[in-house]
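Asker: Sequence and predicted model, in that order:
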Amino acid sequence: MTDERNEITLHGIAASPGIVYGRAYVFTKHTPRIEERAVTADEAEQEIARMEGAVERSEKELQKILRFTEEKVGSQKAKIFEAQIMILMDTVLFDAVRRRIRKELKSAESIVHKEISKYQQMMLKSPDEYMRERAHDVEDVKNRLIRNIQQDRLISRFDSKSIVISELLTPADTVLFSRNDVLAYATDMGGTTSHAALLSRSLKIPSVVGLKEVTKHVQQGDWVLVDGYAGTVVVHPTRETVSRLNKKKREHRQFEERLVQIRDLSAQTTDGKDVRLSGNIEFSQEFRYLSQQGAHGIGLYRTEGIFLRSDGYPSEQAQYQEYKTIVEKAKPYKVVMRTLDIGGDKVVAETHEEENPFLGWRGIRISLDKPEVFRTQLRAMLRASAHGDVGIMLPMISGIKEIRRAKEHIAAAKEELRAEGTPFDETVKLGVMIEVPAAAVLAGDIAQEVDFLSIGTNDLIQYLIAVDRGNETVSSLYQEFHPAVIKTIHHIIKEGHRHGRPVSMCGEMAGDPVATLLLLGLGLDEFSVAPVVLPEIKKIIRSVSYRETEEIARHVLEMKTEEDIKDFLRVNLHSMVPELLLE
Amino acid sequence: MIEREVTITNRAGLHTRPAAALVKLAAKYRCEFVIVKDGYEINGKSIIGVMTLAAEQGSTLLLRFDGEDEGPAAAEVAGLIERGFDEV
């Protein structure tokens, strides 16, 4: 079963949990080789027939993918394929192809390639991100057609159960593969919020993304081990590695079975302190998985998804529909909606280049500069509040003035709705993300302006330590357990509580099991985490007493280095929750 | 030949759905139908062409109809765009 070649371990991002061992199916998205073959007038008619057959086959394939996507993940995500089918039905396009084949006397695939690429080039020139993405859809259709013209073996037809290794998986690839016996996915590119990652989670297929060069190290048929918990892929694993990972897999399975038992219970410590445990989501489709994981509401609903999916800015109605869906699904629990937090590493609708995007035009700064966009979003959120429990949260706040200006917009939006007689919840709560050090210092003043605070650790840590996580030269300086980070979190919670405001955390740290004891002990009221880690965090909270964690937090506040803090927390976690499986 | 100038009024602009509605309506008429935007011409009966226009809210399009049923075609197509594709 094992390989004599050297074992290689590659590190990526854990996108969907699970451990799998199997043979690799390397799926290269090579652009099909296009033969520009000259044909006779008679052959040209055969070429046209081949092209027509390919259009028909491609449409059937896409219809199948469309139906399958609708069934498995809902109609919203299936829209991508509808657009591709419409292109296949474009009679003007294919009339032009027919004409050119007859006139230029060239093979069908070369004319299809030239004719479709023409449109693709124009789309790629667009400054609009949405348009450039549509160019990829056009690319997908083109490649599918050419592949069918060449009667290539369909990529999805692999015989045995395989682990799919690829540079990047498009949503179509992920769904089609899942019809077959895909054991796992491992890709060079992509992040946890990529379409492929979201789909593989909802299809429950283990996956690791962002491996950078997994396609370079793996050959067709190689034995590969994918660890979707740790985010690693082991190529040619030794017998020892396989049995170690098999053991881990069994432990995880048993542990997960036990976690199911506490799914519907609250996150309460052994001495009776209740903590709210909610989830972070970006798409309404993620909600099902989130509630299966036992979340009590949504502590961070990222609204960027709907903005990135539509061209320009989505209408109030479109936003309202999306928000309302989420609010109704989350009932009776609360949904905290964050206003648009585009910028920094994300994409702004306009082309806008900045020397230092993380210190630039982003979050609330954009909203306040574009009042019509902000007002539209606030109206949609307020209208959604008529259907359940909604909190509105402002990102990237750095001072009181920004909060007051945002509040003026909220008051005006409420006034408009009242005048129109449109229902909304008059008591809707307002909160602020504490992620800029200035806001952390002013936590007490900010608490007096709003109803709740939520700590966004990812940015807070970057800004506090002045380190860019994406810059490999300095990324090791990014420390979650840096004493300054912990003292800052302590300060924010203390100041929030001094003014009677609850404090939550929605950054990655909230979902790190090593941090749970500390955050509990510091008095955090709500943990909003990625759905994947939710049961584990609940397990920890339910296994310890608040008293003990307060003691731990006090001790940690005295410690001087991140290494000491981490060791101390790991040792305590291990002794207090021995069945926990730490990476 | 009839020429009509129209402005895209719906928020999302001429994205996939409205583009499909436009092409579908245009296909009912026999006349030729060309859309001109910023000096760039496409066949208004081609979905891939219309998608390429990337016409956002507020952009102006010149519609050109040529053929026996150009009158009703111009009225219907321009009407659809001006009504914002009946989006709310």
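Answerer: Yep, that arrived. Numbering: from 1, shown residues only, chains lettered A, B, ... in the order given.

Asker: Going by C-alpha atoms from here, please, whenever you check contacts or count neighbours.
Answerer: Fine.

Asker: sec struct for A:G299, please.
Answerer: The three-state label given to A:G299 by DSSP: H, G, I helix; E, B strand; the rest coil is strand.

Asker: That one: neighbouring residues, count only.
Answerer: Residues near A:G299, counting by other Cα atoms under 10 Å in any protein chain shown, number 29.

Asker: Same check on B:D66?
Answerer: Residues lying near B:D66 (other Cα under 10 Å) number 17.

Asker: ok, what's across the strand from it?
Answerer: Beta-bridge partners for B:D66, by DSSP bridges, are B:E32.

Asker: Model confidence for A:Y21, exactly?
Answerer: The per-residue pLDDT reported for A:Y21 equals 94.

Asker: can you pull the contacts of it?
Answerer: With contact set as Cα atoms under 8 Å, 6 or more residues apart in numbering or on different chains, A:Y21 has these partners: A:W223, A:V224, A:L225, A:V226, A:V242.

Asker: ditto for A:R498
Answerer: A:G444.

Asker: By mean pLDDT, which helix or strand of chain A comes out lowest?
Answerer: Within chain A, no helix or strand scores below helix A:171-179, which has a mean of 66 by mean pLDDT, DSSP states H and E.

Asker: actually chain B, not the one I wrote
Answerer: Least confident element among the helices and strands of chain B, by mean pLDDT, DSSP H and E: helix B:16-26 (a mean of 86).

Asker: who are the neighbours of that helix, in terms of helices and strands?
Answerer: Packed against helix B:16-26 by the contact rule (3 or more Cα pairs under 8 Å, 6 or more residues apart in numbering or on different chains; DSSP states H and E) you find helix B:47-52, helix B:70-82.

Asker: can you pull the contacts of the nearest residue to B:A55 once chain neighbours are set aside?
Answerer: Distances taken as Cα to Cα, 6 or more residues apart in numbering or on different chains put B:L14 closest to B:A55, at 5.2 Å, once the chain neighbours are dropped. B:L14 is in contact with B:I8, B:V50, B:M51, B:L53, B:A54, B:A55, B:E56, B:Q57, counting by Cα under 8 Å, 6+ apart.

Asker: thinking again about what came up before, orientation of the least confident helix or strand of chain B relative to helix B:70-82 in degrees?
Answerer: Using axes from the mean of the first three to the mean of the last three Cα atoms, to 10 degrees, the inter-axis angle of helix B:16-26 relative to helix B:70-82 is 170 degrees.

Asker: circling back: could you look over the helices and strands packed on helix B:16-26 and pick the most buried one?
Answerer: Of those, the one with the most neighbours on average (mean count of other Cα atoms under 10 Å in any protein chain shown) is helix B:47-52, at a mean of 26.

Asker: okay if I get the contacts of A:Y21 as CSV plus distance to A:E7, neighbour count and pLDDT?
Answerer: Output for the contacts of A:Y21, formatted as CSV (distance: Cα to Cα, whole Å; neighbours: other Cα atoms under 10 Å in any protein chain shown; pLDDT from 0 to 100):
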residue, distance to A:E7, neighbour count, pLDDT
A:W223, 10, 22, 93
A:V224, 10, 29, 95
A:L225, 10, 26, 96
A:V226, 13, 29, 96
A:V242, 11, 19, 94
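
Asker: Looks like A:A510 contacts A:L520 (just checking).
Answerer: No. If you go by Cα atoms under 8 Å, A:A510 and A:L520 don't touch, sitting 10.0 Å apart.

Asker: partners of the helix or strand following the least confident helix or strand of chain A, with directions?
Answerer: Following helix A:171-179 in sequence order, the next helix or strand is strand A:182-187 (DSSP states H and E). Sheet pairing for strand A:182-187, assigned by DSSP bridges, gives strand A:162-166 (parallel), strand A:207-209 (parallel).

Asker: For the shortest one, list every residue counted as buried.
Answerer: Taking 16 or more other Cα atoms under 10 Å in any protein chain shown as the basis for neighbour counts, the residues of strand A:207-209 that come out buried are A:S207, A:V208, A:V209.

Asker: ok, A:M123 - contacts?
Answerer: Shown in contact with A:M123 (Cα under 8 Å, 6+ apart): A:M131, A:R132, A:R134, A:A135, B:T52, B:A54.

Asker: B:I47 too?
Answerer: B:I47 makes contacts with A:M86, A:I87, A:D90, B:A19, B:A20, B:V23, as judged by Cα under 8 Å, 6+ apart.

Asker: how close does it get to A:A530?
Answerer: Counting by Cα to Cα, to the nearest Å, the gap from B:I47 to A:A530 is 39 Å.

Asker: Where does pLDDT dip in the stretch 251-400 of chain A?
Answerer: Under the criterion pLDDT under 70, the flagged ranges of the stretch 251-400 of chain A are A:308-312, A:343-354.

Asker: Apply 50 and report the result again.
Answerer: Within the stretch 251-400 of chain A, the segments meeting pLDDT under 50 span A:344-351.

Asker: Same question for chain B.
Answerer: Using pLDDT under 50, chain B drops low at B:88.

Asker: What parts of it come near chain A?
Answerer: Residues of chain B found near chain A (Cα under 8 Å from any Cα of the partner chain) are B:11-13, B:15-16, B:20, B:43, B:45-49, B:52, B:54, B:56, B:88.

Asker: Let's see that with 10 Å instead.
Answerer: For chain B, the residues in contact with chain A (Cα under 10 Å from any Cα of the partner chain) are B:10-17, B:20, B:23, B:27, B:43-57, B:87-88.

Asker: Which ChimeraX command selects the buried ones in these?
Answerer: Typed into ChimeraX, the line below selects the buried ones among the residues of chain B next to chain A, using 16+ other Cα under 10 Å:
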select /B:10,11,12,13,14,15,16,20,23,27,43,44,45,46,47,48,49,50,51,52,53,54,55,56,57
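
Asker: so what secondary structure elements neighbour the helix or strand harbouring A:L145?
Answerer: A:L145 belongs to helix A:129-149 when assigned by DSSP H and E. Other elements packing on helix A:129-149 under the criterion 3 or more Cα pairs under 10 Å, 6 or more residues apart in numbering or on different chains; DSSP states H and E are helix A:41-73, helix A:75-88, helix A:108-125, helix A:304-309, helix B:47-52.

Asker: cutoff 8 Å now
Answerer: Contacts defined by 3+ Cα pairs under 8 Å, 6+ apart place helix A:129-149 against helix A:41-73, helix A:75-88, helix A:108-125, helix A:304-309.

Asker: avg pLDDT for it?
Answerer: Average pLDDT, helix A:129-149: 82.

Asker: now it against helix B:16-26, angle please.
Answerer: Counting by the same axes, to 10 degrees, helix A:129-149 lies at 60 degrees to helix B:16-26.

Asker: And helix A:129-149, what's buried?
Answerer: Using 16+ other Cα under 10 Å as the test for burial, helix A:129-149 gives A:129-132, A:134-135, A:137-149.

Asker: Nothing else from me, thank you.
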